[in-house]
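Undergrad: take this sequence and fold it.
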Amino acid sequence: MDIAMIRRSLNGTLTELQRAIDRFDVTKAADLFEWAWHQASQAPPRETREQRAQLKDLKEVLGSRRWREEERRRAAQEPRPQPDKAPPAPRQRSTKRPVSAQAPVVRPRTVWSSDAPRAPAPDPVQRTVRTAPPAPVTRDALPMHAQTRPAPRKGQPGLLGAGRLAELATDLRPLLEQTARAGTTTTWTVIRKRLPALTSLHRDDESVLLWLVDDDRDQSEPLLSALVTVGDRQMHPRFPTIAEQLGVPAGRSSTQQRSTWNYEVLKAHQHWRHRH
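TA: Residues are numbered from 1 along each chain as shown. Okay, the predicted model is just below:
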């Protein structure tokens, strides 16, 4: 889809969302908020910065105390639907004839072919119901994010949709910018404590979030994803793949990849040290 068309549609959704918030239309505002993030995910993050910033401000409104109190008040005022009492069905007179008056059941006579083996005649009263075999699951029937990433194993959290990932990436970027200004690194354990919405997150979605954060950067900016480490400030094992997908050659050997990672961490600290 054309980027300009996506922005126009998204701007229209934001206008309707603001009107729903002004009217305290709780249900419509929630639906429009989710739809707006879905629209924002259809374009590169750098193309919808203004719209995502507006969505972030509206998210604070939807999560405010006043909005939640109004939501509870309106829910209490809504009349509860009363179950409809159906009138009792009229008693019908039995039309079953007595056994003596019933006509005898006449079974059709089976005619056997002279050259075919005889098989027992099927009982016309009993019918065998055959169920159609289940249709095969095709790759096209799966969600878009499930087509490119493996399905989660049993016990693991499910994969998130594109709209929800775009929303979480917008919340994650300021946290990584703060980490860069402090001249430190962070881990997913620390990030989950700062952003409770990321508590139950699939590892594949973690990589997608870091990619979305850095895809929003200008070409001259370093990779904020390099600041997410494992263990004792060690390079995250998925950093080389994320860097390559973002156009930053990470090298093939482990030595080259660690060198690239160290350089990106240093550049991130220097770039964001004096920026607010």
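Undergrad: could you measure from the residue nearest the centre of the chain over to Ala43?
TA: The structure's the chain has its C-alpha centroid closest to Gly161; by C-alpha atoms, centre = their mean the separation is 2.3 Å. Applying C-beta to C-beta, to the nearest Å, the value for Gly161 to Ala43 is 16 Å. To be clear about C-beta, it is placed using only N, CA and C from the backbone, and glycine gets the same treatment.
Undergrad: how far away is Ala250 from Pro45?
TA: Distance from Ala250 to Pro45, by C-beta to C-beta: 21 Å.
Undergrad: again, but for Ala243
TA: From Ala243 to Pro45 the distance is 17 Å (C-beta to C-beta).
Undergrad: and what of Leu210?
TA: Per C-beta to C-beta, Leu210 is found 12 Å from Pro45.
Undergrad: which one's more surrounded, these two?
TA: Between Leu210 and Pro45, Leu210 has the larger neighbour count (other C-beta atoms under 10 Å), namely 26 against 20.
Undergrad: now the helix or strand containing that one: buried residues?
TA: Per DSSP states H and E, Leu210 falls inside helix 203-215. Along helix 203-215, these residues count as buried under the neighbour rule (16 or more other C-beta atoms under 10 Å): 204-215.
Undergrad: same deal with stretch 238-256?
TA: By neighbour count with 16+ other C-beta under 10 Å, stretch 238-256 contains the buried residues 238-240, 242-243, 248, 250.
Undergrad: now do it: distance from first to last residue.
TA: Counting by C-alpha to C-alpha, to the nearest Å, you get 14 Å between the two ends of stretch 238-256.
Undergrad: could you say what helices and strands the helix or strand harbouring Pro174 packs with?
TA: For Pro174, the host element (DSSP H and E) is helix 162-181. Applying 3 or more C-beta pairs under 8 Å, 6 or more residues apart in numbering; DSSP states H and E, one finds that helix 162-181 contacts helix 26-40, helix 49-62, helix 144-148, helix 188-194, helix 203-215, helix 254-272.
Undergrad: format those helices as CSV; extra columns: distance to Asn11.
TA: As requested, these are exported to CSV (distance: least, C-beta to C-beta, whole Å):
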stretch, distance to Asn11
helix 26-40, 10
helix 49-62, 7
helix 144-148, 24
helix 188-194, 31
helix 203-215, 21
helix 254-272, 30
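Undergrad: mean pLDDT lowest for which of these?
TA: Mean pLDDT values for these show the minimum at helix 144-148, a mean of 40.
Undergrad: surely Glu244 is in contact with Ala250?
TA: Yes. Taking C-beta atoms under 8 Å as the definition, Glu244 is a contact partner of Ala250 at 5.6 Å.
Undergrad: how close does the closest residue to Leu195 other than its chain neighbours sit to Asp215?
TA: Among residues not flanking Leu195 along the chain, Asp171 sits closest, at 6.0 Å (C-beta to C-beta, 6 or more residues apart in numbering). According to C-beta to C-beta, Asp171 and Asp215 sit 15 Å apart.
Undergrad: can you check Gln54 too?
TA: Gln54 is 19 Å from Asp215, by C-beta to C-beta.
Undergrad: repeat for Ala40
TA: 13 Å.
Undergrad: what's the answer for Leu209, then?
TA: Distance from Leu209 to Asp215, by C-beta to C-beta: 11 Å.
Undergrad: one more: Leu62?
TA: For Leu62, the distance to Asp215 - C-beta to C-beta - is 26 Å.
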